[in-house]
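>>> what's the 3D shape of this:
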Amino acid sequence: GPRVREGLGAAASEPPLPTAVAEAVGSLLADGGARGDVWRGVQGVTTLSRRVGALMLRRGVQRAEGTPGLPAAAREAIINGNKAVADAIEPAGPPADGGV
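Predicted coordinates for the structure are as follows:
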């Protein structure tokens, strides 16, 4: 964010030295407000990655259902496994936008 760029010198044309990065991160960690901002960002990232992972697994189910020539046992394993894992990490529910 902007605070890190300020700490590192945004105008630098070369990558910052590791000591400069350590100092910038250290000053952010010392600031309670900055720690709170980082924590809220991390929480958002974990939610987003969980949702993306579940979406990818459910997309795999759709592709397996529509793949001709896939043996029935393989299709069933892919569908059941992907659905189980997707539902475990992000339970399916009604679309937030009403299905639009």
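
>>> which secondary structure element contains Thr47?
Element membership of Thr47, judged by DSSP states H and E, is helix 32-65.

>>> Can you find the helix or strand of this structure with the lowest average pLDDT?
Sorting the helices and strands of the chain by mean pLDDT, DSSP states H and E puts helix 2-8 at the bottom, at a mean of 63.

>>> which is the next helix or strand following it?
helix 18-30.

>>> tell me which strands and helices that following helix is in contact with?
helix 2-8, helix 32-65 (3 or more CB pairs under 8 Å, 6 or more residues apart in numbering; DSSP states H and E). Using the backbone N, CA and C atoms, a C-beta is placed for each residue, glycine as well.

>>> Can you check which of these gets nearest to Val25?
Among those, helix 2-8 comes nearest to Val25, with 7.7 Å by CB to CB.

>>> sorry, back to before: lowest average confidence across the helices and strands packed on helix 18-30, which one?
Lowest mean pLDDT within the helices and strands packed on helix 18-30: helix 2-8, at a mean of 63.

>>> Do me a favour and average the pLDDT over stretch 80-87.
Mean pLDDT, computed over stretch 80-87, is 96.

>>> Many thanks, we can stop here.
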